[in-house]
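Chemist: Kindly return the folded structure for what I paste below:
(one chain, ligands or ions: 2)
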Amino acid sequence: SKAITRTSVPSLRARKGGEPIVCLTAYTAPMARLLDPHVDLLLVGDSLGMVIYGFDSTLPVTLDLMIAHGGAVVRGSSTACVVVDLPFGSYQESPQTAYRNAARVMAETGAQAVKLEGGLEMAETVAFLTSRGVPVMGHVGLLPQSVNALGGYKAVGRDTASAERIRADACAIAEAGAFSLVIEGTMEPLARQITQDVAIPTIGIGGSPACDGQVLVSDDLLGLFGEFKPKFVKRYANLAETVGQAVATYADEVRSRRFPGPEHCFGVKAPAETG
Ligand code: KIV
Ligand code: NA
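Modeler: Ligands and ions are numbered 1, 2, ... in the order given. As a prediction, the model looks like this:
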């Protein structure tokens, strides 16, 4: 019998200031299977609304969609800690609503934690969830679910007032009981300062090399998604090009009747070698 245990929330929490925590997004079982051996944490991000559903923001993503993808990622992985994003509208109204929806995510997917966006205004909710058995990952800095309030996806914390606000947000979420904290699209010195100031691991995306871990959208690092590459993305592969070449060859071979060959057909003997 194989008793594979997943990376736990407390073990990640304990890595503050230690070996960097490796995180990537995953939305599907096959991708989760490929990433699982290499990462500490798989994040089922609501970025899936933009990356695989073609919406122009994360706002249309529903709880049911997150649960469907969260379950797929849990089934496809065996060792990574799986964290599922709470989508827009599922947690902002009250701690009670957040709990009801987070409990569905936990019970119906098998994930170990949820993530939610926000600072001071979400601290009460983070405390409500964490004290009732739902580990929470925080998310401060650039908040994609607030794109309409922000007016776009621009890095934040440029002036002293906003930097101080974001720092206070980070401290409030950490003190409310979050086990780790994503810092997105934030001026590097501020992300570095927050990492020093909070007792929990920070996970950067457009944050700082000083963060306790890093996360990227897998489709971005694989070059699968997007004509537009944000500054914080490093492309480690160009799978869009690989897919294009493979599909062009397939199309060619169908049009020229080179595919399928006899070896791909049932009840057809391959012709004997000649010559
Ligand atoms: O939805 C997402 O993919 C995220 C990460 C980029 C942090 O929230
Ligand atoms: Na997200």
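Chemist: mind showing which ranges of the chain have poor pLDDT?
Modeler: For the chain, the stretches with pLDDT under 70 are 1-3, 226, 270-275.
Chemist: helix or strand for E108, which one?
Modeler: helix 95-109 (DSSP states H and E).
Chemist: C-terminal to that helix, what's the next element?
Modeler: strand 113-115.
Chemist: got the angle between the helix or strand following that following strand and helix 95-109?
Modeler: Once strand 113-115 ends, the next helix or strand along the chain (criterion: DSSP H and E) is helix 123-130. Calculated by axes from the mean of the first three to the mean of the last three Cα atoms, to 10 degrees, helix 123-130 forms an angle of 40 degrees with helix 95-109.
Chemist: Residue numbers of the stretch 1-150 of the chain in contact with ligand 2?
Modeler: For the stretch 1-150 of the chain, the residues in contact with ligand 2 (Cβ under 5 Å from the ion) are 45-46, 85. From N, CA and C alone the C-beta is placed, and that goes for glycine too.
Chemist: List the ones among those residues that fall in strands.
Modeler: Members of those lying in strands (criterion: DSSP state E): D85.
Chemist: Neighbour count for the residues of the stretch 1-150 of the chain next to ligand 2 - can I get that in JSON lines?
Modeler: Output for these, formatted as JSON lines (neighbours: other Cβ atoms under 10 Å):
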{"residue": "G45", "neighbour count": "29"}
{"residue": "D46", "neighbour count": "30"}
{"residue": "D85", "neighbour count": "29"}
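Chemist: The residues of the stretch 1-150 of the chain next to ligand 2: which ones sit near ligand 1?
Modeler: 45-46, 85 (Cβ under 6 Å from any ligand atom).
Chemist: you'd agree T202 is up against D212?
Modeler: Yes: between T202 and D212 there is a contact at 5.2 Å, judged by Cβ atoms under 8 Å.
Chemist: Please enumerate the shared neighbours of these two.
Modeler: 180, 195 (Cβ atoms under 8 Å, 6 or more residues apart in numbering).
Chemist: When the two are compared, which one has more neighbours?
Modeler: T202 (29 against 22; other Cβ atoms under 10 Å).
Chemist: For the closest residue to ligand 1 within the chain, give its distance to T130.
Modeler: At 2.2 Å from ligand 1, G45 is the closest residue in the chain, using Cβ to the nearest ligand atom. According to Cβ to Cβ, to the nearest Å, G45 stands 20 Å off from T130.
Chemist: List the contacts of the helix holding E108.
Modeler: 44, 63, 66-67, 70-71, 73-74, 82, 84, 86, 90-92, 111, 114, 116, 124-125, 127-129, 132, 134, 136.
Chemist: Return the residues in contact with the closest residue to the residue of the chain closest to ligand 1 other than its chain neighbours.
Modeler: Closest residue in space to G45, ignoring its immediate chain neighbours: T25 at 4.4 Å, by Cβ to Cβ, 6 or more residues apart in numbering. Applying Cβ under 8 Å, 6+ apart to T25 gives the contacts 42-45, 47-48, 51, 215-219.
Chemist: Need the three-state assignment for K154.
Modeler: Following DSSP: H, G, I helix; E, B strand; the rest coil, the label given to K154 is coil.
Chemist: Neighbours of it, how many?
Modeler: 9.
Chemist: I figured it was touching L142, is that so?
Modeler: Yes: if you go by Cβ under 8 Å, K154 and L142 touch, sitting 7.5 Å apart.
Chemist: Spit out the residues that contact the two alike.
Modeler: In contact with both K154 and L142: G185, using Cβ under 8 Å, 6+ apart.
Chemist: Report the contact partners of L48.
Modeler: Per Cβ under 8 Å, 6+ apart, neighbours of L48: 25, 27, 61, 65-66, 69.
Chemist: What is the most widely separated pair among these?
Modeler: Pairwise distances across the contacts of L48 peak at 14.4 Å for T25 and L65 (criterion: Cβ to Cβ).
Chemist: out of the contacts of L48, who's near ligand 1?
Modeler: Of these, the ones that also sit near ligand 1 (Cβ under 6 Å from any ligand atom) are T25.
Chemist: Just the buried ones out of the contacts of L48, please.
Modeler: With burial judged by 16 or more other Cβ atoms under 10 Å, the buried subset of the contacts of L48 is 25, 27, 61, 65-66, 69.
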